[in-house]
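# Build me a structure from this.
(chains A and B)
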Amino acid sequence: MMRTHTLLLVVLASAIAALFAHRPASADEERNFAGSAQLDYHLVASEPAAVAAPGPATTFEGFTVEAAVKAAVDVSEHLSANVKVCYGCHGFELDMAYFDFRVADEFNIRTGRFSPSFGAFNLRHDPANHMTSDHPLPYDMGRMLRKGDWNNGVLPSPFPTNGVELNGTHWIGDIAQLDYAAYAVMGFKNDTDTNPTDLNFQESHLPYYLTSDPRPASGARLALTLKTGPVSDMTLGASGLFGTYDPENKLTYAIIGGDFSLRIQRTALRIEYLVRRQQFNTNNPDIFRYAIAPADEDFFAKHGAYVELEHPVAEALAVIGRVDGMYRVGNVSNVPVGSTTGTPVQSPLTFRSSVIRETLGLALALERNFRLKGSVELWQFSYADAVGRETELSFHLGAVGSF
Amino acid sequence: MGFASLPAGCSGGRAGEPEAETLSASAAADYALFALRCSKCHSLSRPLNSGIDRDDYWRLYVAKMRRQPGSGITEEDTVAILRFLHLYSIEQRRKKEQRLGVEPSQAPPQEPPPQSPPPQLDASPPTGTP
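Reported below is the predicted structural model:
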């Protein structure tokens, strides 16, 4: 089934690409191609036993490749189409396939498949557009150490889904830009687990057109960018997303976030915080680490934040320093999300668990569109892994090209 | 040496930015603004390697980028950015003609972006360039 989907996607992408490449453009129709590819090696300086610990896949070590090709067609001044196909850890995916119908700068209607407006990092999630090989922890997926324990970040990015978004931008003079968006989308789901206890991110990506959770999720974003000088600006934003994820539409998730960024010349400071309140099914109390209290004990909260400073230190060299982390409060399920057996495996998480990571990275541009990335990451967990380790060290070395 | 050495860096990095002496002061300023604004969200290779070499398409493209959330690109910025892209397009067309080994185009020059007479490179423009 999975192979069929992959094949269909490749055929679809090829057909669209061929169509865009060879169809003669009308006088007012413009086409544009863009793409990127990143190869990264992730080295975890832990004992092999820690990498291969029992339970769900806890840590990935080795090479990863992610690639994306995007085609954009401006059919007219008001109508444009975008299609983006990605290849990554989940195989081929349709990351974007949407139309924008722009009535005015202040009112645009987006329909199709896209990552809805949430937070600041999502705008530059493509590996060519950020300086480290991995994402900040709240937005991370497979490159996070002990990802199986945490079920990834707060809101792994990108998070393509199907739906409609109304968005717009309004300039207040030449000093302020107000961006806003509101959307209704398919959202996240978990149709696999008998007693769902968290979102199933992988399942939420595929298939695109089948769900037993038809009720849409909804969200919004508001951001204000101020021009503080000829070479500086700052942005303050707030986002929210709410939906249900189980087949009966009873279990809710709510994600809210705030972000701030300041850019002076090409030096950028970014701060972002988000939290997800996640309701879970308590029908089987035996799968939980702690006894279920009679009321208000059917959820956990996962907080995530990062502070990042990016500064060009030489003509082709940028240095990146980042501190990020997550903090989870609430009961813990001993059945991993998407477990095929449903057999409980003691989770190492406790009622309050945390991880803090400190990253120092370098990005060296060898060519306009080719860059090397390297980083060292120090991880500090609030709990020990299978071999008693609370602190871990990992390294990334990658190369990314774009066109 | 004009734009041949213009593989301007990536967001944050500055690989191969044009050497100041190769551009006139106004062109260098336009490029600096282009690089500053556009590198906020993506690498400069996105626009520079896009293959676009027509002013009317650049106008559409820059207007679209201006509408992106948090772009920080004002109306005034678009004039300077389009002025730089106009010059860059001329150089791209010249290089394309050279690669193809064809005579430089005799087509009439494209109309420059409104209110933005293109600044001249310090180096003499190649023969036949519009």
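# With just CA atoms, put stretch A:313-326 into PDB.
What follows is stretch A:313-326, C-alpha atoms only, in PDB (Å, rounded to 0.1, in the frame of the first residue of the first chain):
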ATOM      1  CA  VAL A 313      31.400  36.300  11.300                       C
ATOM      2  CA  ALA A 314      33.100  36.400   7.900                       C
ATOM      3  CA  GLU A 315      32.200  36.700   4.200                       C
ATOM      4  CA  ALA A 316      31.100  33.200   3.900                       C
ATOM      5  CA  LEU A 317      30.800  32.000   7.400                       C
ATOM      6  CA  ALA A 318      28.000  32.200   9.900                       C
ATOM      7  CA  VAL A 319      27.900  31.100  13.500                       C
ATOM      8  CA  ILE A 320      24.800  29.900  15.200                       C
ATOM      9  CA  GLY A 321      24.200  29.500  18.900                       C
ATOM     10  CA  ARG A 322      21.000  28.000  20.200                       C
ATOM     11  CA  VAL A 323      19.500  26.900  23.400                       C
ATOM     12  CA  ASP A 324      16.200  25.000  23.200                       C
ATOM     13  CA  GLY A 325      14.300  22.600  25.300                       C
ATOM     14  CA  MET A 326      11.000  20.900  26.100                       C
END
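# Now that stretch: average pLDDT?
The average of the pLDDT scores along stretch A:313-326 is 95.
# Could you do stretch A:87-96 as well?
Throughout stretch A:87-96, pLDDT has a mean value of 83.
# Briefly note if that stretch comes near chain B.
No: if you take Cβ under 8 Å from any Cβ of the partner chain as the test, stretch A:87-96 misses chain B, and the best it gets is 14.5 Å. Glycine gets a C-beta too; all of them are placed from N, C-alpha and C.
# how far is that stretch from where the chain is centred?
Stretch A:87-96 has its C-alpha centroid displaced from the chain centroid by 13 Å (Cα atoms, centre = their mean, to the nearest Å).
# Let's see the distance spanning that stretch from one end to the other.
13 Å (Cα to Cα, to the nearest Å).
# Next, please give the residue ranges for the helices of chain A.
A:2-22, A:48-51, A:147-150, A:201-205 (DSSP state H).
# Check chain A and tell me which residue is nearest its centre.
A:Ser157 (0.8 Å; Cα atoms, centre = their mean).
# Does that residue touch A:Leu123 like I think?
No: between A:Ser157 and A:Leu123 there is no contact under Cβ atoms under 8 Å: 9.7 Å.
# Residues of the stretch 301-403 of chain A that sit close to chain B?
A:310-312, A:314-318, A:320, A:363-369, A:371, A:402-403.
# Now list the buried members of the residues you listed.
Listed as buried from these are A:310-312, A:316-318, A:320, A:363-365, A:368-369, A:371, A:402-403; burial here means 16 or more other Cβ atoms under 10 Å in any protein chain shown.
# Farthest pair within the residues you listed?
For those, the farthest-apart pair by Cβ to Cβ is A:His311 and A:Phe403; their separation is 26.2 Å.
# Going by neighbour count, list what's buried in the helix or strand bottoming out on mean pLDDT in chain B.
Lowest by mean pLDDT, DSSP states H and E among the helices and strands of chain B is helix B:45-48, with a mean of 88. By neighbour count on 16+ other Cβ under 10 Å, the buried set for helix B:45-48 is B:45-48.
# Appreciated, that's everything.
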